[in-house]
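S.K.: Following is a predicted model, sequence given first.
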Amino acid sequence: MHSHEDSCGTPVVADGGRRTILKSALGLAAVTAVGALPWALPGLVEAAALTKAQRDKMTPDQIIDVAKAGNERFRAGKTDTHDYLAQKRASASGQYPAAVILSCIDSRAPAEIILDTGIGDTFNARVAGNIASDDVLGSLEFACALAGSKVVLVMGHTACGAIKGAIDNAKLGNLTGLLDKIKPAVAATQYSGERTSKNNAFVDAVATTNVRLTMDEIRRRSEVLAGLEKDGKIKIVGAMYHLVGGEVVFLD
């Protein structure tokens, strides 16, 4: 391993062709070096996967900012070069994800890709309609209370089939019960136009309401997560992924 300065005077560490850069405290969202770890704090990034020390130094707000930056890279077609084999090896003995993401099973909305994360960066729970069932709540509690994640991100998406099914009162085996959990979002959505699954704007409005209600459900039904959030140890946030354009829009 050796070091030198780049054209901007920034210290650069080279190790077997893998570059890492010394990032400033304001540069969390600007990790562009090949092989750099997108979820790391400022400092020399030498591990292929997120370490406990790096994760523990990050605040929930910093983690959210890094997620936003990852989506910006995805939308620009400038995602980081991930050495998945190196990440696999680095995380084999332990994992320290910064966030847990509850998203839909839709094949067009893979959270790890659209937020440009690597192996070991995030926990990922996926279920149609990104609902918070008992088992999902237990998984979120494990991620935060036991494994140390600091952000719970509930992410819905546009043109969601589960949302359309709930609007249409669809019936199909076990799916019926799942859609019943989404129906409160249909009733709670204030919308003056056509309230059908054929109206994309209404479908997306219901999906947004569903994200908000899921966040409320997490806080109401999980004393563990609600307590962690009250103590400032985690943040529970929501977002909508737009299939057209690829933007992840965080909710206020």
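M.R.: That came through fine.
S.K.: Tell me which residue is most central in the protein.
M.R.: For the chain, the residue lying nearest the average C-alpha position, counting by C-alpha atoms, centre = their mean, turns out to be Ile101 (4.4 Å).
S.K.: Double-check that it belongs to a strand.
M.R.: Yes - assessed by DSSP: H, G, I helix; E, B strand; the rest coil, Ile101 belongs to a strand.
S.K.: wait, it sits on Pro110?
M.R.: No - with contacts counted by C-beta atoms under 8 Å, Ile101 stays clear of Pro110, the gap being 10.2 Å. Every residue, glycine included, has its C-beta placed from N, CA and C.
S.K.: Strands along this structure, start to end?
M.R.: 2-5, 11-15, 18-21, 99-103, 122-126, 151-157, 235-241, 248-250 (DSSP state E).
S.K.: Check Gly177 and give its pLDDT.
M.R.: Gly177 is assigned a predicted lDDT (pLDDT) of 98.
S.K.: what's the burial count for it?
M.R.: Per other C-beta atoms under 10 Å, the neighbour tally for Gly177 reads 9.
S.K.: any idea which of the strands of the chain scores lowest on pLDDT?
M.R.: When those are compared on mean pLDDT, strand 18-21 scores lowest, with a mean of 28.
S.K.: quick one: low-confidence ranges for the stretch 1-150 of the chain?
M.R.: Segments of the stretch 1-150 of the chain classed as low confidence (criterion: pLDDT under 70) are 1-47.
S.K.: Quick check: end-to-end length of stretch 80-88?
M.R.: One end of stretch 80-88 to the other measures 16 Å (C-alpha to C-alpha, to the nearest Å).
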